[in-house]
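1. Have a look at this fold, sequence not included:
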């Protein structure tokens, strides 16, 4: 039982055939080995099903900069300096070669949720792999993977992939298409059952259960991929030129708005939100940068740090 617990991937399950008389002893041994959700199923014979729990403190990576808050630091509490290779698979050249199969080509976009890794590859496919052993779980076409608009985020328990002027909402377990949303975003921010999609002129929020547009704003702001919005809790923060605003994710209502020309200047970029802090960065020379902290509650300046 201890060896079974060792080789099982987190969230993996084992099905053991046994005799009715020996079921209780097997269940006790599996429980002692740390397996959970142990149950007996009687079909053509007696089966015992046990699952290995996902360790507490393991984190996901749902956006290009970790999460919707934009802070590129994982909250994983188990990571250590790497000293071994867990698994390696496939060619890594980011060139489309359909004849090599859907899993061919370098990684262009990546996200991770509940032990599953999702990759948009140079082959033009979205590929899901088991994060613990690298086995392919499913694949589906992603259109032209070299499209500048192709984006990949996780919103709640759904995958959101943009391309070909639509956003596909995909089930992470099976890879099946749940629905499509008509949008062509440069940036996507995934929240629980909500997707914020931004292009050059519009920011819209969609309900992922129905696909309906909840709200939209039409302020022109150039290229949002240069300064994408960030979100935490029920607040969305957007920097459009010198206009910084906080909006309610559910309603789109503006909670506060201010001109940051004096406090940040014209070249600052919204970096991330962390707790009550909005962090900005801007280059002062080719080698030096300034970091500015503003209050997430009202946008008031807090402190500045220069490198």
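-> In hand now; what should we look at? Note that the structure is predicted; figures quoted are calculated from it, not measured. Residues are numbered from 1 along each chain as shown.
2. Output the below-cut-off pLDDT ranges for the stretch 51-200 of the chain.
-> Counting by pLDDT under 70, the stretch 51-200 of the chain shows low-confidence ranges at 90-105, 144-149.
3. show me where it has strands.
-> 107-113, 116-121, 125-130, 136-141, 151-155, 158-163, 166-170, 177-181, 187-191, 194-198 (DSSP state E, counting those that start in this stretch).
4. what's the last one in contact with?
-> For strand 194-198, contacts defined as C-beta atoms under 8 Å, 6 or more residues apart in numbering pick out 153, 155-156, 160, 162, 167, 169, 181, 183, 185-190, 203-208, 214, 224, 228-229, 231, 236, 238, 249-250. Every C-beta, even on glycine, is put in place using the N, C-alpha and C of the backbone.
5. Would you mind checking those residues for buried ones?
-> Burial by neighbour count, judged by 16 or more other C-beta atoms under 10 Å, picks out 153, 155, 160, 162, 167, 169, 181, 183, 185-190, 203-206, 208, 214, 224, 228-229, 231, 236, 238, 249 from the contacts of strand 194-198.
6. before we move on, back to that, for the strands of the stretch 51-200 of the chain, give me TSV that also has distance to residue 286.
-> Below are those laid out as TSV (distance: least, C-beta to C-beta, whole Å):
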stretch	distance to residue 286
strand 107-113	29
strand 116-121	33
strand 125-130	38
strand 136-141	42
strand 151-155	30
strand 158-163	34
strand 166-170	38
strand 177-181	41
strand 187-191	27
strand 194-198	30
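7. how about those strands, which one is nearest residue 20?
-> Residue 20 lies closest, by C-beta to C-beta, to one member of these: strand 125-130, at 33.1 Å.
8. Summarise which helices and strands the closest one is packed against.
-> strand 116-121, strand 136-141 (3 or more C-beta pairs under 8 Å, 6 or more residues apart in numbering; DSSP states H and E).
9. which other residues reach it?
-> 9, 89, 102-103, 115-121, 135-142, 145, 152, 159, 161, 170, 172, 175.
10. In ChimeraX, how would I select just the buried ones from the residues you listed?
-> Listed next is the ChimeraX selection for buried residues among the contacts of strand 125-130, using 16+ other C-beta under 10 Å:
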select :102,103,115,116,117,118,119,120,121,137,138,139,140,142,145,152,159,161,170,172,175
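11. mind listing the helices for the stretch 151-300 of the chain?
-> 261-264 (DSSP state H, counting those that start in this stretch).
12. In stretch 49-63, which residues are buried?
-> 50-52, 58, 60-63.
13. any idea which helix or strand comes after the longest helix seen in the chain?
-> Of all the segments of type helix in the chain, defined by DSSP state H, the longest one is helix 23-32. Proceeding N to C from helix 23-32, the next assigned helix or strand is strand 36-42, under DSSP states H and E.
14. and the angle for that next one with helix 23-32?
-> 160 degrees (axes from the mean of the first three to the mean of the last three C-alpha atoms, to 10 degrees).
15. For residue 172, see how far away the residue most central in space within the chain is.
-> The centre of the chain sits closest to residue 62, judged by C-alpha atoms, centre = their mean, with a distance of 1.0 Å. Distance from residue 62 to residue 172, counting by C-beta to C-beta, to the nearest Å: 11 Å.
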